[in-house]
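Trainee: what follows is a protein structure lacking sequence information:
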């Protein structure tokens with residue numbers, strides 16, 4: 001590269017890295033792409049090249065990549081990376097790359113208004129323009145357009161929107177609302193138009209709030225508690241006063257009350273379903289037109305009982321709304337005599353939880369998670385094959401109708417795979433639209449409301465986020481208007497108006513609470529009435545996904561325990577599946593061909609043995625009884641014969657060389673003694689420890705056919721409790737006789753006499769018996785080996801299964817170790833954050849003591865020792881209390897929702 005390109009941007013041009021896999025670039029390289037110049041105020045990163053190599057080379061090899069970088073406060077516009085092509089040119093050379101100055105992002109947001117930006121990159125750069133407009137009821141103060149200049153500044157200061165008095169002369173009453181336009185539940189996309197419809201209808205009425213006009217001030221919470229906390233702080237701290245707050249998501253509503261208790265504001269939600277919000281001790285002034293999520297649980301339990309399921313599994317996203325709902329379901333399931341056998345939860349990645357459900361043989365599964373997470377869950381469900389005729393999934397019913405077909409870059413499953421995985425699942429949904437064609441308080445039927453709403457939503461209205469909850473948002477504004485109308489009438493008796501509301505006026509807040517608590521009217525969503533906890537009561541709709549479309553299969557009224565069933569439920573296997581794998585016990589038998597063959601041979605052997613036995617009894621006057629007696633009679637005879645031969649022919653008289661005569665009765669007596677010992681031993685055995693039938697079980701097997709059962713092989717044995725002990729005693733005695741017989745046969749091998757000429761044959765027989773015992777094994781060992789062989793032939797793939805289980809266990813141990821390491825790291829970060837926030841509180845406590853005025857150039861707040869809420873005379877709480885509150889809540893939000901830098905922005 002020529003020297004001018006290295007100066008003055010040489011630190012920016014070169015990124016020194018280790019040599020890449022392509023190898024070093026040689027100075028004498030003549031093929032490739034020529035070195036190109038960086039853009040103005042920018043440089044180039046070269047991989048694997050030192051500064052000296054960059055100066056010496058003129059060409060870079062094929063497939064080599066360079067990356068443009070810019071100076072601070074500048075952004076690259078155009079291709080950021082170029083690659084050397086085979087034709088010697090760099091990619092996208094027709095599109096220049098430039099480093100442009102950036103402007104502050106603050107101009108892209110406007111409270112109580114909207115900003116339209118043009119020529120926008122990731123951040124505002126030179127040439128970007130912003131056009132400002134205010135919401136209805138506000139006027140723009142400042143320039144309507146501003147441009148980002150080369151100096152990195154906007155051409156015009158950021159304007160602001162101020163409320164103005166309506167032309168009709170009515171007094172404005174402002175409502176602060178947070179609509180989630182994106183995030184886990186983008187319900188604001190349809191609920192915001194519904195709220196605007198309600199405001200238009202109410203403001204046109206002369207019998208409701210005749211002296212006032214409702215104005216909406218809204219922001220986008222993104223269904224994120226951290227984002228919502230910051231926006232809520234700004235919403236409350238800036239004028240005008242908001243007489244009521246309207247959050248959407250449950251996670252946001254929960255954090256609202258940490259502010260509501262300080263700012264003296266009533267909260268009315270249109271989309272919060274968390275059961276935790278029904279706690280009147282924690283949330284004393286909370287109301288909602290969206291029923292509690294626990295209203296789904298009686299319906300689920302009723303369906304479990306209808307289909308005969310007793311074992312339930314659950315998987316949930318770690319959000320309080322789902323945790324509270326699942327706790328309530330657990331309680332109701334136990335009361336119904338059912339059981340939640342498996343309970344899985346996850347934060348962001350559901351893969352491990354889905355695998356655990358598969359491993360635990362879960363069949364009936366209740367899933368509680370937001371729509372965006374549901375796509376991740378069912379992508380993993382498809383991979384694990386946790387769907388089909390053996391499984392039933394219960395999901396939340398407020399997802400969009402085609403939620404599983406929505407493109408999602410965070411998953412790697414196709415639309416067809418997702419449709420296959422979700423087919424047949426059951427949803428329970430609160431009835432949010434009046435099914436009867438009756439006119440509501442707004443003089444509209446539910447169908448007329450839907451028609452007006454769909455005109456405002458444009459194309460594919462049913463796929464818009466919050467479409468199903470839009471009637472609840474519409475009725476929430478009507479509930480508020482009726483309550484404010486009743487409040488205005490009560491305040492008029494005291495000479496007070498709604499426009500006099502501020503955050504210190506508890507009288508107006510109490511009147512609003514009493515009016516909302518007694519609300520009862522017919523809305524487009526049905527009859528609107530609040531229970532003692534401020535929650536809405538409603539019916540539950542039951543739907544099933546059939547052939548990619550949701551079909552209504554029933555309704556359930558929990559107040560009357562009435563299930564209305566359409567009998568159009570459809571199952572993949574033809575009937576509802578079982579909630580667990582049934583186990584069928586089967587005994588293992590030999591094949592009939594083998595059994596018949598062995599039986600025939602055994603029968604022939606028995607006949608031959610009987611013939612031989614009869615022949616022996618008839619001719620030899622011998623008896624044979626059982627195994628021990630047979631041995632004693634057969635081997636005992638040989639042993640006795642050899643014993644007496646040894647006794648007679650090995651002992652000599654000192655005086656006479658006279659042999660003793662061998663008398664037959666002695667032989668009979670010795671054999672009889674051996675037989676008697678066997679009879680006594682066997683009799684004691686059968687009396688003390690008799691034989692009985694035992695069953696040996698093997699590992700469960702899958703059936704050959706496609707049946708939803710498991711096979712448990714069993715093998716019968718005939719044994720006693722101390723089988724080995726008795727056999728040891730029995731065979732130990734026989735073994736001693738065998739050893740002694742071998743010794744005697746050896747001692748008498750040289751005896752020769754005409755009277756006893758068969759002792760050598762007897763000795764040979766003893767040797768044969770001994771050799772057979774040495775070569776073969778005991779009967780009990782043979783039985784054990786037969787059992788092992790049977791188990792091996794029955795489960796020839798057991799060893800492979802064992803190896804797979806060991807591998808999976810090692811993977812699980814690795815995952816557990818990683819999780820433990822991650823938990824340790826998070827604990828350390830939490831401790832560091834707590835120390836940082838403690839120092840921040842101390843620093844801001846000192847700052848509040850030195851504060852010289854209100855943030856909007858107002859007078860400093862006057863502290864009062866007798867003020868119950870520690871609020872100033874202008875209607876705002878003390879800044880120190882709000883800062884501490886925000887800091888406290890930001891700490892509770894955790895790293896995923898509100899980091900340290902965001903906390904400082906909240907209370908600076």
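Mentor: Cool, the structure landed. None of these values were measured; they are calculated from a predicted model. Numbering: from 1, shown residues only.

Trainee: CA atoms for contacts and neighbours, from now on please.
Mentor: Will do.

Trainee: what are the buried residues along stretch 56-65?
Mentor: Neighbour-count burial for stretch 56-65, counted by 16 or more other CA atoms under 10 Å, picks out 57, 58, 59, 60, 61, 62, 63, 64, 65.

Trainee: what about the top helix by length along the chain, average pLDDT?
Mentor: Longest helix in the chain by number of residues (criterion: DSSP state H): helix 798-849. In this model, helix 798-849 has a mean pLDDT of 76.

Trainee: equivalent analysis for stretch 465-478, please.
Mentor: Rounded mean pLDDT across stretch 465-478 is 93.

Trainee: report pLDDT for residue 610.
Mentor: Reported pLDDT for residue 610: 91.

Trainee: swap that for residue 731, sorry
Mentor: Among the per-residue scores, residue 731 shows a pLDDT of 78.

Trainee: cool, residue 384 as well?
Mentor: pLDDT, read off for residue 384, is 93.

Trainee: likewise the one 5 residues further on?
Mentor: Residue 389 is assigned a pLDDT of 91 by the prediction.

Trainee: so it touches residue 571, yeah?
Mentor: Yes - assessed by CA atoms under 8 Å, residue 389 is found in contact with residue 571 at 7.0 Å.

Trainee: the strands in the stretch 651-800 of the chain, which residues?
Mentor: Using DSSP state E, counting those that start in this stretch, the strands of the stretch 651-800 of the chain run over 692-697, 709-719.

Trainee: just name the most buried of the ones you listed.
Mentor: Ranked by mean neighbour count, the strands of the stretch 651-800 of the chain are led by strand 709-719 with a mean of 15 (mean count of other CA atoms under 10 Å).

Trainee: the longest helix of the chain packs against which elements?
Mentor: If contacts are counted by 3 or more CA pairs under 8 Å, 6 or more residues apart in numbering; DSSP states H and E, helix 798-849 sits against helix 879-893.

Trainee: which SS state does residue 156 fall under?
Mentor: coil (DSSP: H, G, I helix; E, B strand; the rest coil).

Trainee: now do residue 245
Mentor: Of the three states, residue 245 takes strand according to three-state DSSP.

Trainee: list the contacts for it?
Mentor: 175, 176, 177, 265, 266, 267, 268, 269 (CA atoms under 8 Å, 6 or more residues apart in numbering).

Trainee: redo these as CSV? Include distance to residue 70, pLDDT and secondary structure.
Mentor: Shown next, in CSV, are the contacts of residue 245 (distance: CA to CA, whole Å; pLDDT from 0 to 100; DSSP: H, G, I helix; E, B strand; the rest coil):
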residue, distance to residue 70, pLDDT, secondary structure
175, 45, 94, strand
176, 42, 92, strand
177, 41, 93, strand
265, 49, 90, coil
266, 50, 92, strand
267, 48, 93, strand
268, 49, 94, strand
269, 47, 93, strand
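
Trainee: turn those into a markdown table, columns for neighbour count and distance to residue 697.
Mentor: Below are the contacts of residue 245 laid out as a markdown table (neighbours: other CA atoms under 10 Å; distance: CA to CA, whole Å):
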| residue | neighbour count | distance to residue 697 |
| --- | --- | --- |
| 175 | 19 | 71 |
| 176 | 21 | 69 |
| 177 | 25 | 65 |
| 265 | 28 | 68 |
| 266 | 24 | 66 |
| 267 | 23 | 63 |
| 268 | 27 | 62 |
| 269 | 25 | 59 |
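
Trainee: tell me the one of those nearest residue 288?
Mentor: Among the contacts of residue 245, residue 269 lies closest to residue 288 (CA to CA), at 4.5 Å.

Trainee: the closest one and residue 536, how far apart?
Mentor: 11 Å (CA to CA, to the nearest Å).
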